[in-house]
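**Q** show me how the following folds:
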Amino acid sequence: MSRVIHALALTPLLTVSISAAQQAQPIVISGSSTVYPFSQAAIKSFARRTPKTVSIQARSVGSSAGFREFCAGKVPIAAASRPINARELEQCKAGRVRFYELPIAFDAITVVINPSNSFAKQISTAQLKTLWEKKAEGKVLRWSQLNPAWPNSTIKLCAPGKDSGTYDTFNKVISGSESNSRQDYTASEDDDILVRCVANSENALGYFGFDYYQNNRSILRALPVSGMRGTVLPSVASVQGSRYLPLSRPVFYYVNEQAIRSNRVLRALVDSTIQQGAKLAEQANLIPLQDSTYRLVSSKLYREVLGSSFGGQLPIGLTVGQILERSFDAQKKPQFR
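**A** Model (predicted):
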């Protein structure tokens, strides 16, 4: 399901020179449902600082769908809950799309159950693999198959679809491959549908971004996950402290270089978004980067540090610091290292 938000200027706090052609063409941020609330907050904030009416749209279609549009040159910004992969890098190269890779926040993929579930107190990455890997399809159907002490009730599974970056990341870190997932579950790129899926069934289990859990804590319960650093609940503190591994991850804006060079409104939007990154992340229930890190993100634009720092691979099991170091250092020009 695609969701759209339009921004209209309210107060003249930021001076932007807008040509007639730029006013006629809406700026589109397309991609991750996890990043969608951040994009909403960024658009609203920018609208309050822009002296003229500007059409800006945010669409929630999934990271993979957003990258397809972006690499085809159809949108200037792709919002992504994972780094660009090798196939998408080739698509961008073929489409002659050069880009800036800008980390904007961190997220915690959150495993949730219905609050009426009284027996599941935590879950391990091994149990998640048993439940979600491809060979579980049609076979691992009951809670007792994960833990003999749990009831013999049928589990209702709710999770993102194949166009979601959350789908890719979860399956990579849990089952070893982005494609190693069962398909006999309720799937959607719209996280609101997944929230209702879990909330409406006492035997449900699902996973999605931390922001959608935070917005629906009254009807969901998050499970602590036994992983690389012990049994840990997702939280701002556990992600910033690199304890919620391997299910924490960076989220990004990918910005078309040619578009940002030619469109002053787009440049102003991106600059404004990065400058207020921590505040916007908090509003969207994502995990903010440090203020000093947002300054480094801005420097990538000014120093024209293009391309991806991840080589088409997902950063699995890295700490916050290691991910940020890779994002900024690997692609710095020699004079800035």
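
**Q** helices of the stretch 101-250 of the chain, start to end?
**A** In order along the chain, the stretch 101-250 of the chain carries the following helices (DSSP state H, counting those that start in this stretch): 125-132, 165-175, 191-199, 210-214, 236-240.

**Q** tell me which of those helices sits nearest to residue 184.
**A** Judged by CB to CB, the one of those that comes nearest to residue 184 is helix 125-132, at 10.8 Å. Backbone N, C-alpha and C define where each C-beta goes, glycine included.

**Q** same for the closest one, what does it pack against?
**A** Here helix 125-132 is seen to pack against strand 156-159, helix 165-175, strand 225-227 when contacts are counted using 3 or more CB pairs under 8 Å, 6 or more residues apart in numbering; DSSP states H and E.

**Q** show me which positions of that helix end up buried.
**A** The neighbour-count criterion (16 or more other CB atoms under 10 Å) identifies 125, 127, 128, 129, 130, 131, 132 as the buried residues of helix 125-132.

**Q** which parts of the protein belong to which domain?
**A** By the record's domain assignment, the chain is partitioned as 20-106+249-336, 108-240 (automatic domain parsing).

**Q** lowest average pLDDT across these?
**A** Out of the domains of the chain, the stretch the model trusts least by mean pLDDT is domain 20-106+249-336, with a mean of 88.

**Q** phi, psi of the most centrally placed residue in the chain?
**A** Most central residue of the chain, judged by C-alpha distance to the mean C-alpha position with CA atoms, centre = their mean, is residue 81 at 2.5 Å. Dihedral angles phi and psi of residue 81 (degrees, to the nearest 10) take the values phi -100, psi 20.

**Q** check residue 254 too.
**A** When read as degrees, to the nearest 10, the backbone of residue 254 gives phi -110, psi 120.

**Q** cool, and residue 47?
**A** Residue torsions, per degrees, to the nearest 10, at residue 47 are phi -60, psi -40.

**Q** I'd say it and residue 55 touch.
**A** No. Using CB atoms under 8 Å, residue 47 and residue 55 do not qualify as a contacting pair, with a distance of 10.5 Å.

**Q** between the two, which is the more surrounded one?
**A** Set side by side, residue 47 and residue 55 give different neighbour counts by other CB atoms under 10 Å, the larger being at residue 47 (19 against 15).

**Q** how near is that one to residue 264?
**A** As for residue 47, its distance to residue 264 is 16 Å (criterion: CB to CB, to the nearest Å).

**Q** repeat for residue 133
**A** For residue 133 relative to residue 264 (CB to CB), the value is 49 Å.

**Q** these two: which is more packed in?
**A** Between residue 133 and residue 264, counted using other CB under 10 Å, the more crowded position is residue 133 (18 against 14).

**Q** next, that one: phi, psi?
**A** Per degrees, to the nearest 10, the backbone of residue 133 is at phi -70, psi 160.

**Q** which non-adjacent residue is nearest it?
**A** In space, residue 133 comes closest to residue 175 once its chain neighbours are excluded; the distance is 4.3 Å by CB to CB, 6 or more residues apart in numbering.
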